[in-house]
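Q: sharing a model that was predicted from the sequence below.
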Amino acid sequence: MLGTGCSNCQKLEENVIAAIEEAKLDLIVQYVEDMAEIASYGVMSTPALVLDDKVLSYGKVLSKEEIISLLKENI
């Protein structure tokens with residue numbers, strides 16, 4: 001997860017945690033707030049969802065269902 005700590009970033013983090021729990025996935029959520037590290041992913045708009053250094057989404061708050069679908073497609 002990439003974000004600046006804004007309300008949208010916090011909401012995406014909540015949705016990601018809920019999605020991982022619901023889908024019973026063995027993943028660890030790491031929240032990156034360092035702007036240099038965020039920029040290194042080529043992300044110019046947060047929040048962003050990253051899995052294994054691959055940006056899956058940026059600039060919007062995904063629903064729990066959207067997150068589950070993206071994670072299952074990319075694991």
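A: Structure received. Numbers count the residues shown, from 1 in each chain.
Q: rest of the way, CA atoms for contacts and neighbours
A: Will do.
Q: beta partners of the residue nearest the centre of the chain?
A: The centre of the chain sits closest to Leu49, judged by Cα atoms, centre = their mean, with a distance of 2.5 Å. Leu49 has these beta-bridge partners by DSSP bridges: Ser57.
Q: pretty sure it contacts Tyr58?
A: Yes - with contacts counted by Cα atoms under 8 Å, Leu49 reaches Tyr58, the gap being 6.3 Å.
Q: if we can go back for a sec, quick one: contacts for the residue nearest to the centre of the chain?
A: Contact analysis of Leu49 by Cα atoms under 8 Å, 6 or more residues apart in numbering lists Met1, Leu2, Val55, Leu56, Ser57, Tyr58.
Q: one more time with 6 Å, if that's ok
A: Met1, Val55, Leu56, Ser57 (Cα atoms under 6 Å, 6 or more residues apart in numbering).
Q: where does pLDDT dip in this protein?
A: Within the chain, no stretch has pLDDT under 70.
Q: longest helix of this protein?
A: helix 7-23 (DSSP state H).
Q: list the buried residues for that helix?
A: By neighbour count with 16 or more other Cα atoms under 10 Å, helix 7-23 contains the buried residues Asn8, Cys9, Gln10, Lys11, Leu12, Glu13, Asn15, Val16, Ile17, Ala18, Ala19, Ile20.
Q: rewinding a little: neighbour-wise, give me the winner out of the contacts of Leu49.
A: For the contacts of Leu49, the largest number of neighbours (other Cα atoms under 10 Å) sits with Met1, at 23 neighbours.
Q: what's the burial count for Ile38?
A: Counted with other Cα under 10 Å, the burial measure for Ile38 works out to 20 neighbours.
Q: from the contact counts, what lies against the longest helix of the chain?
A: Helix 7-23 makes packing contacts with helix 64-74 when contacts are defined by 3 or more Cα pairs under 6 Å, 6 or more residues apart in numbering; DSSP states H and E.
Q: got the angle between the helix it packs on and helix 7-23?
A: With axes from the mean of the first three to the mean of the last three Cα atoms, to 10 degrees as the criterion, the two stretches helix 64-74 and helix 7-23 enclose an angle of 70 degrees.
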